[in-house]
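Q: sequence plus the predicted model coming up.
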Amino acid sequence: MNSFSRGIRTLTVGVRSQFFSKNAAFSSEIGKDKSALIYKIQSHRVKPEEQQNYLDLLNEHIVNLHKDENLPQTLVGSFQVTFGTEDEVIHIWKYSGGYAALQKSEFNVEANSKYREYREERRKLLRSRQNQLLVQFDHMPDPVPKTGNSTYEMRSYKLKSGSIGEWHYNWANIGLKCRSQDEVVTGFFTNA
């Protein structure tokens with residue numbers, strides 16, 4: 001590393017450290033408030049022979065889950081994976097109201113026999129499933145559902161411990177400026 005690079009790195013690290021307090025939870029420094037907004041990403045790995053049955057069942061129930069006023073959740077999008085892990089369907093849910101909205105939604109789904117039956121039927125069609133809670137980066141735009149067929153690229157980064165602040169700083173100050181307005185849908189992070 002030459003002295004110029006070392007100087008730039010020191011400058012970047014020095015500037016970054018001024019932005020983040022040492023007393024607050026780090027996620028609150030770079031993400032939107034978890035008590036007001038949280039997202040859940042669901043990954044369903046569908047049995048290949050059950051793909052159409054899964055999609056039929058999904059179409060029958062997902063709109064009801066989305067529109068149910070007793071569930072403080074919004075379906076941001078459902079996506080069939082075409083490159084990468086095949087036979088995977090991903091759903092992203094938004095909970096305005098943070099953890100409290102998530103808990104209320106889970107409780108009301110469990111209390112509703114129609115939704116419990118849907119979960120049981122769905123379980124038979126899956127090889128595996130995974131849920132993960134996500135915090136939206138404070139500098140990223142809110143995801144807005146698009147009409148029609150669209151292709152999205154989902155990226156995932158595994159960062160070294162302590163490097164998320166630098167990653168956040170670079171994306172907020174450099175990465176987003178290099179892209180067109182409609183190119184970036186949103187960005188999330190999790191500690192999992």
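A: Received it, and whenever you're ready, just let me know what you need. Numbering: from 1, shown residues only.
Q: tell me which strands the one helix or strand Arg127 maps to pairs with, and in which orientation.
A: Assigned by DSSP states H and E, Arg127 belongs to strand 126-136. Applying DSSP bridges, strand 126-136 is found paired with strand 37-46 (antiparallel), strand 188-189 (antiparallel).
Q: quick one: mean pLDDT for the next helix or strand after it?
A: Using DSSP H and E, the helix or strand that follows strand 126-136 in sequence is helix 164-170. The average of the pLDDT scores along helix 164-170 is 72.
Q: list the buried residues in helix 164-170.
A: For helix 164-170, burial by neighbour count (16 or more other CB atoms under 10 Å) applies to 164-165, 167-169. Just so you know, the C-beta spots here come from the backbone N, C-alpha and C atoms, and that holds for glycine as well.
Q: next one: stretch 108-123
A: Neighbour-count burial for stretch 108-123 [16+ other CB under 10 Å]: 109, 112, 115, 118, 122.
Q: do you know the pLDDT at the first one?
A: Among the per-residue scores, Val109 holds a pLDDT of 91.
Q: assumed it was part of a helix.
A: Yes: judged by DSSP: H, G, I helix; E, B strand; the rest coil, Val109 forms part of a helix.
Q: give me the nearest residue to it, chain neighbours excluded.
A: In space, and not counting its chain neighbours, Val109 is closest to Tyr115: 4.6 Å by CB to CB, 6 or more residues apart in numbering.
Q: angles on the backbone of the one you found, please.
A: Geometry field for Tyr115 lists phi and psi as phi -70, psi -40, criterion degrees, to the nearest 10.
Q: quick one: contacts for it?
A: 61, 65, 109 (CB atoms under 8 Å, 6 or more residues apart in numbering).
Q: mind running it again at 10 Å?
A: If you count contacts by CB atoms under 10 Å, 6 or more residues apart in numbering, Tyr115 has them with 61, 64-65, 68, 71, 108-109.
Q: low-scoring stretches of this structure, by residue?
A: In the predicted model, the chain carries pLDDT under 70 at residues 1-28, 161, 173-184, 191-192.
Q: gap between the strand holding Arg127 and the chain center?
A: Averaged C-alpha coordinates place strand 126-136 at 9 Å from its chain's average position (CA atoms, centre = their mean, to the nearest Å).
Q: with stretch 63-72 instead?
A: 19 Å.
Q: buried residues in that stretch, which are they?
A: If you call a residue buried by 16+ other CB under 10 Å, then stretch 63-72 has these buried ones: 65, 68, 71-72.
Q: no further questions, thank you.
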